[in-house]
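>>> pasting the sequence and the predicted coordinates here, then a few questions.
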Amino acid sequence: MSLLTVSDLRVHLFTPRGLVRAVDGVSFALEAGRSLGIVGESGCGKTMTALAMMRLIPTPPAQIVGGSILFDGQDVVTMDAERLRALRGGDIAMIYQDPMTTLNPVLTVGEQIAEAVRLHRHDGRTAAWARAVEMLKLVGIPDPARVASAYPHQLSGGMRQRAVIAMALACDPKLLIADEPTTALDVTIQAQILELLRRLQGELGTAIILITHDLGVIADLVDDVAVMYAGKVVEHTAVRTLFNDPKHPYTRGLLNSVPSLETRERRLRTIEGTVPPAHAMPAGCRFNPRCGQVRPECHDREPPLVVLDNGSRAACWALS
Amino acid sequence: MKYLMANKLTAVGAALCVLLIAVAALSPWIAPQDPLEQSFLTANQGPSEDHWLGTDAFGRDVLSRVLIGSRVSLSIGIIAPLLSALFGVWAGMIAGYLGGWTDRLLSRFSDLLMSFPSLLLGVMVAAALGPSFESAVIAIAVALFPRFVRLSRSATQVLKREPFIDASIASGRGTVSIMLKHVLPNIAGPLVVALSLWIATAIRLEAALSFLGLGAQPPTPSWGNMIRDGMTDLVGDPWPAAFAGAAITLAVLAFNMVGDALRDMLDPEIDT
Amino acid sequence: MGGYILRRGLEVIPTVLLVLTLVFLALRIMPGDPAVAALGEFATPDAIERFREKLGLNQPLWMQYFSFIGQALTADFGRSMSNNTSINELLAQALPYTISLGIAATVIGIVIGIPLGAMTAVHRNGALDGFGRVFALIGFSLPDFYFGVLLLLVFSLHLDWFPMLGGGKGFLDQLHHLVLPSITLGVVMAAFVMRLTRSSLLEVLRKDYVRTARGKGVAEGWVIFKHALRNALIPVTTGLGIYLLTTLSGTITVELVFSRPGLGTLLISGVSARDYTLVQAGLVVFAFFVVAVNLATDLLCAAIDPRITLR
């Protein structure tokens, strides 16, 4: 049995302007200790998917309207509040996008880590505090004892993100979800945080879901990649296959827009057009207004995710 | 749904305001009796057919006094904020536009006034000028002055950075002309909201001042001094105080409702 | 933290001087001669001259100013013009009634306002929230002294649960006399505190760190109490500090309603008797309260918000 099996997950946003199908039938599975990247442009539903894993989506306006999320055989979608609390921060932990806003400004960094430890490992105050300091040391923070009693505003962005990682890993989660963990940081700090995640994954063997819009980030951090477009997974494959043999026209477009040292082209090629507004999705394949290989059936029916000859799964009429 | 509700409340509030002002204007004609006419035969009566809201200790008709009293309360309530706005808005625009020493001096002064509770400022002015209708107007205008300064100053500071102001300067427009043409229309929205909320504040302040005996002087009836007079015999005849207070509450409520609604319209994002 | 307290404490000095100057100027623009006002229009020029001399009104303005500041800072206000009693004695008798009223009203305002505001924010658009809306609208529109009159009518005159007038004699009686005046000011304050807490908490509940707390598995009650409310209280404290000044001036009218022999009653009696020295002293004491409340608010904010000390 897989650690995590997501089937046909649907998250709807009920906005004043109408219904938005933010996540529309997403399915994937993740084995223990393995890592999955979820890639896509902003607004494709990848953050909603990540938040749904811990039922953290903001309700209202968003709501899980269908599908199941089986974690260790238990469905997160229908779980009762007590079991959910044990899961959050215990079995599944999360690293968020902006370290400037994810830490509580009026509590010390150490207290915020120790709180999770007290909740899930049932340690006493002293033991939990010691664990917090130990975790800060593990994520490479110099002088961890001092930083533990500091307030978030006294730390830099990179240090805060390290503290958030320490908080996430403090209770030995089986699954770590990282939602754009480096987007809000400087380029040099980005590299350090990615390096840290890579090292910790090797040392602790935690399964990871990494959410990003940046293909460069996932290249040597994950085993598999799911590419999302407008609330759907359009291609799901091993990371090496993705870079060597991308199938879906959208994936190829994404790869073309990654700057590379080898290409001679001066101009970066981007995908033409923009993602259509959520309440005006085209019929058939949602990518059809921007696709170069569009066929008649693309306007009629949505393509299913099918297994291709190179082992990838992709949803495109041109490929099947 | 919520929008419709808000609209309905706005309509009710606005209608109340108009009604109150109309009553105040027409009160000498619609008041059933002379509000000053005393009669010891009918003193201290509860509501009856002859006196709908009863009579006070001097046998004066409470309904007539409440109606006539609205003139003092509403005229002070409206004149004082307008007077204050006249000076405060200009001071704020000048401070925000010129910056530097002028700004620092004006801001410091209005901060100082702001740190004083309005009623205390009112008592201070009334103590200095002696209790009267005029000193109540001045007292309330002084109390509201720093708020208008702040409002127009911060709005002006934001506007000053806009390119069209530079364009106006470049085209040779004078400072006063720029303020009239660009700054004033741009702060009109928040100003109207502030005015209606502060009319409510002013009505309440006027009532408090005349309750303390520092506003319009007897025998002229005002809602505040009716409560003051009523206090002398609350046991025997609670009606004048009760009805005058209800009138104050209604007037304050009406202007508050309109102000809140206008604010929501201007700034629908804020959930209060 | 110690440094911040010191710095903020030193800032009080210029504020106090400015406030005193304001009081001084306000009373010097008073039209007419305070001596004439005190002695009546038929006093002999000789008597008026002696009176002016006694009060120091014949001195140049700057000398009057310095002796006024000196008096205010040493809390030596001389004797009342109208009945020649020591003003310090009058103040000492009046102050406990005003201070106890202010504190009791604030406690009521906070104890009702903050929990009610938090509950209306958490159960937004529920039945309690609807009640809160109506409560706030009434609280914002009902003048406090009129509310006092209504309470007096119902609970003193009609039901006879509480004594009607005065300050009371002995501790229990005084407490009994404190109930209605402090409810008057406290309930009106609670309406304000409730709305402030509600909007502040609603804003905080949208913050990322609240999601972080939920993501750690913190129970919802603790998320609100420990993670959200403490942040929400920072703006509430600032707003409360401003509102406390309104309550402070509200004591003047409410003391009059309940004939409570406090500072407000003393000040107003001075104003109507045209007792220049008494009014001056009363205003100075109120001004000190204003400065003290502002200082206390800032220090309380610094205690809640660790970011403040660095600024």
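That came through, no problem.
>>> neighbours around the closest residue to chain B within the stretch 151-300 of chain C, how many?
Distances between the stretch 151-300 of chain C and chain B by C-beta to the nearest C-beta are smallest at residue C:249, namely 3.7 Å. Glycine gets a C-beta too; all of them are placed from N, C-alpha and C. Counted with other C-beta atoms under 10 Å in any protein chain shown, the neighbours of residue C:249 add up to 24.
>>> so which residues of the stretch 151-272 of chain B form helices?
B:163-170, B:175-178, B:184-211, B:223-231, B:239-266 (DSSP state H, counting those that start in this stretch).
>>> now these as TSV including distance to chain A and mean neighbour count?
Putting these into TSV (distance: least, C-beta to the nearest C-beta, whole Å; neighbours: other C-beta atoms under 10 Å in any protein chain shown) gives the following:
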stretch	distance to chain A	mean neighbour count
helix B:163-170	29	12
helix B:175-178	39	14
helix B:184-211	23	23
helix B:223-231	43	26
helix B:239-266	15	22
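>>> which one of the ones you listed lies nearest to residue C:243?
Closest to residue C:243 of those is helix B:184-211 (C-beta to C-beta; 13.2 Å).
>>> so that closest one versus helix B:239-266, what angle?
With axes from the mean of the first three to the mean of the last three C-alpha atoms, to 10 degrees defining the directions, helix B:184-211 sits at 160 degrees from helix B:239-266.
>>> what helices and strands are in contact with helix B:184-211?
Identification of packing neighbours for helix B:184-211 by 3 or more C-beta pairs under 8 Å, 6 or more residues apart in numbering or on different chains; DSSP states H and E yields helix B:62-98, helix B:118-129, helix B:133-160, helix B:223-231, helix B:239-266, helix C:144-151, helix C:229-257.
>>> one more pass at 6 Å, please.
Packed against helix B:184-211 by the contact rule (3 or more C-beta pairs under 6 Å, 6 or more residues apart in numbering or on different chains; DSSP states H and E) you find helix B:62-98, helix B:118-129, helix B:133-160, helix B:223-231, helix B:239-266.
>>> show residues contacting stretch A:54-69.
A:6-15, A:48, A:51-52, A:75-77, A:88, A:92, C:211, C:215 (C-beta atoms under 6 Å, 6 or more residues apart in numbering or on different chains).
>>> returning to what we had before: can I get the helices of the stretch 151-272 of chain B in CSV with mean pLDDT and distance to residue C:240?
Formatted as CSV, the entries for these read as follows, by pLDDT from 0 to 100; distance: least, C-beta to C-beta, whole Å:
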stretch, mean pLDDT, distance to residue C:240
helix B:163-170, 77, 38
helix B:175-178, 76, 40
helix B:184-211, 86, 18
helix B:223-231, 82, 27
helix B:239-266, 83, 20
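>>> relative to residue A:184, which of these is closest?
Proximity to residue A:184 (C-beta to C-beta) singles out helix B:163-170 among the helices of the stretch 151-272 of chain B, at 30.7 Å.
>>> so, low pLDDT: which residues of chain B?
Low-confidence regions of chain B, defined here as pLDDT under 70, cover residues B:1-6, B:31-32, B:34-46, B:48-59, B:267-272.
>>> close to chain C: what parts of it are there?
When proximity is defined by C-beta under 6 Å from any C-beta of the partner chain, chain B lies next to chain C at B:112, B:115, B:117, B:119-120, B:124, B:127-128, B:204, B:207-208, B:211-212, B:235, B:238, B:241, B:245, B:248-249, B:252-253, B:256, B:272.
>>> equivalent analysis for chain A, please.
By the criterion of C-beta under 6 Å from any C-beta, the positions of chain A lying close to chain C are A:54, A:56, A:85, A:88-90, A:94, A:101-104, A:106, A:116, A:119, A:151, A:153.
>>> inside strands: which ones of those residues?
Within those, residues falling in strands by DSSP state E are residue A:94.
>>> closest to residue C:291 out of the residues of chain A next to chain C?
Using C-beta to C-beta, residue A:106 comes nearest to residue C:291 of the residues of chain A next to chain C, at 27.3 Å.
>>> who are the contact partners of residue C:179?
residue C:162.
>>> give me the element it is part of.
Take DSSP states H and E as the rule and residue C:179 turns out to sit in helix C:171-205.
>>> picking up where we left off before, out of the residues of chain A next to chain C, which are buried?
Buried members of those, scored by 16 or more other C-beta atoms under 10 Å in any protein chain shown, are A:54, A:56, A:85, A:88-90, A:94, A:101-104, A:106, A:116, A:119, A:151.
>>> of those, which is the nearest to residue B:218?
The shortest gap between residue B:218 and any of these belongs to residue A:106, at 54.7 Å (C-beta to C-beta).
>>> name the nearest residue to that closest one, ignoring sequence neighbours.
The shortest distance from residue A:106 to any residue other than its chain neighbours is 5.1 Å, reached at residue C:230 (C-beta to C-beta, 6 or more residues apart in numbering or on different chains).
>>> tally of neighbours for residue 66?
As the question left the chain open, I've gone with chain A. Considering only other C-beta under 10 Å, residue A:66 is surrounded by 14 other residues.
>>> oops, chain C please
For residue C:66, the count of nearby residues is 10 (other C-beta under 10 Å).
>>> what residues does residue A:146 make contact with?
Contacts here follow C-beta under 6 Å, 6+ apart; on that basis residue A:146 touches nothing.
>>> and residue C:243, by the same measure?
Applying C-beta under 6 Å, 6+ apart, we find residue C:243 in contact with residue C:192.
>>> likewise residue C:90?
Applying C-beta under 6 Å, 6+ apart, we find residue C:90 in contact with residue C:266.
>>> name the SS class of it, please.
Following DSSP: H, G, I helix; E, B strand; the rest coil, residue C:90 is assigned to helix.
>>> ok, it to residue C:101 distance?
Shown here: residue C:90 relative to residue C:101, a distance of 17 Å by C-beta to C-beta, to the nearest Å.
>>> how many neighbours does residue B:15 have?
Residues lying near residue B:15 (other C-beta under 10 Å) number 12.
>>> quick one: the strand or helix carrying it to chain centroid distance?
When elements are defined using DSSP H and E, residue B:15 is found to belong to helix B:2-30. Computed by C-alpha atoms, centre = their mean, to the nearest Å, the separation of helix B:2-30 from the middle of its chain amounts to 15 Å.
>>> does that helix reach chain A?
No. On the criterion C-beta under 6 Å from any C-beta, helix B:2-30 is out of touch with chain A, staying 10.3 Å away.
>>> dump the residue contacts of residue C:76.
Remark: with contacts taken as C-beta under 6 Å, 6+ apart, residue C:76 is in contact with nothing.
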